[in-house]
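**Student:** coords below, sequence missing:
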């Protein structure tokens, strides 16, 4: 894949992004938002498949991730992520491979799914649809209330304090080789900051409240054996969407990263076909 380009803004971290033209006639556009502690280059094979289906693709590294600037894994306010999405979508108007065509489909995985949902609630008709894989609407493991209260206090006093995430590649995919690659990736990190955890929790609360405002077409594939995301929260939020065109498919036996599972191609094709249909109007 090509080296990333960078979006530069005064007072904001520099964001790495890539744009990929379709290998056949353009049928639509997809803007991808990756998950926590990973980066957009992990989706090379998915981008190739989308391109083969006539989709122009743009993707970027979240602030504090990959080749983008910012404290690793930290965000001062969750809405910083959402504003980054807005800024990049605007910048893509100057990218020949991406700027023309129907409104883009916003695709988000895990944390990226939470970010994409918040962005979609504001962008609405500026998008053709919202595609999600294992969106991070809730944590799989319940956190004791006392710990949550203490966490909010620490988040005010020392927001950049790091805590181990405890996640390993084997928690994310059944593919042993990809699991090892995840653990050994030099751009990967294995912590969360207290401030990040607090901000994400608040964003999850807000998305539950705002979910009934979503009317865009939406398609989600969720992992049935997710060790990261609470699938019941995905069902809860999804059921509140008012979209006339919506589908939630919970896949039994899959781990969190469905696009890194052995049958990833089947799921990626379904996303591509849905994006093409939405883009055709």
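**Tutor:** Structure received. None of the values given here were measured: they were computed from a predicted structure. Numbers count the residues shown, from 1 in each chain.
**Student:** residues near residue 54, how many?
**Tutor:** A count of nearby residues for residue 54, using other C-beta atoms under 10 Å, gives 17. Bear in mind the C-beta positions are built from the backbone N, C-alpha and C, glycine included.
**Student:** That one - nearest residue in space that isn't next to it in sequence?
**Tutor:** residue 27 (3.4 Å; C-beta to C-beta, 6 or more residues apart in numbering).
**Student:** ditto for residue 67
**Tutor:** Once flanking residues are discounted, residue 67 sits nearest to residue 16: 3.7 Å by C-beta to C-beta, 6+ apart.
**Student:** would you say that neighbour is within a strand?
**Tutor:** Yes - assigned with DSSP: H, G, I helix; E, B strand; the rest coil, residue 16 falls within a strand.
**Student:** so it touches residue 70, yeah?
**Tutor:** No - using C-beta atoms under 8 Å, residue 16 makes no contact with residue 70, being 10.9 Å away.
**Student:** Spell out, range by range, the helices that occur in the stretch 1-150 of the chain.
**Tutor:** Assigned by DSSP state H, counting those that start in this stretch, the stretch 1-150 of the chain shows helices spanning 44-52, 78-91, 111-123, 145-157.
**Student:** Check which element follows the helix or strand of the chain with the lowest mean pLDDT along the chain.
**Tutor:** Lowest on mean pLDDT, DSSP states H and E among the helices and strands of the chain sits helix 145-157, with a mean of 63. Next in sequence after helix 145-157, counting helices and strands by DSSP states H and E, comes strand 162-164.
**Student:** Direction included, what does that next one pair up with?
**Tutor:** Neighbouring strands of strand 162-164 in its sheet, by DSSP bridges, are strand 191-193 (antiparallel).
**Student:** Residues in contact with the partner strand: which ones?
**Tutor:** Contacts with strand 191-193, where a contact means C-beta atoms under 8 Å, 6 or more residues apart in numbering, come from 36, 71, 72, 73, 74, 159, 160, 161, 162, 163, 164, 165.
**Student:** in the helix or strand that comes right after it, what counts as buried?
**Tutor:** Next helix or strand after strand 191-193 toward the C-terminus (DSSP H and E): helix 194-210. Buried residues in helix 194-210, counted by 16 or more other C-beta atoms under 10 Å: 194, 195, 196, 197, 198, 199, 200, 201, 203, 204, 206, 207.
**Student:** and which of those is nearest residue 106?
**Tutor:** Checking the buried residues of helix 194-210 against residue 106 with C-beta to C-beta, the nearest one is residue 207 at 14.1 Å.
**Student:** where in the stretch 151-281 of the chain is pLDDT low?
**Tutor:** Applying pLDDT under 70 to the stretch 151-281 of the chain picks out residues 151, 153-154.
**Student:** which residue ranges form the strands in it?
**Tutor:** 162-164, 191-193, 218-223, 246-251 (DSSP state E, counting those that start in this stretch).
**Student:** Now distance to residue 277 too, for those, in JSON lines please.
**Tutor:** Below are those laid out as JSON lines (distance: least, C-beta to C-beta, whole Å):
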{"stretch": "strand 162-164", "distance to residue 277": "42"}
{"stretch": "strand 191-193", "distance to residue 277": "37"}
{"stretch": "strand 218-223", "distance to residue 277": "10"}
{"stretch": "strand 246-251", "distance to residue 277": "12"}
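**Student:** which one of those has the most crowded surroundings?
**Tutor:** Mean neighbour count (mean count of other C-beta atoms under 10 Å) peaks for strand 218-223 among those, with a mean of 24.
**Student:** angle of that one against strand 246-251?
**Tutor:** Per axes from the mean of the first three to the mean of the last three C-alpha atoms, to 10 degrees, the angle that strand 218-223 makes with strand 246-251 is 10 degrees.
**Student:** name the helices or strands packed onto strand 218-223?
**Tutor:** Judged by 3 or more C-beta pairs under 8 Å, 6 or more residues apart in numbering; DSSP states H and E, the packing partners of strand 218-223 are strand 129-133, helix 231-240, strand 246-251, helix 264-279.
**Student:** which outside residues touch the shortest one?
**Tutor:** What it means is strand 129-133. 30, 105-110, 113, 116-117, 120, 214, 216-222, 245, 257-259, 267, 271, 274-275, 278.
**Student:** Mean confidence (pLDDT) on it, please.
**Tutor:** Strand 129-133 carries an average pLDDT of 98.
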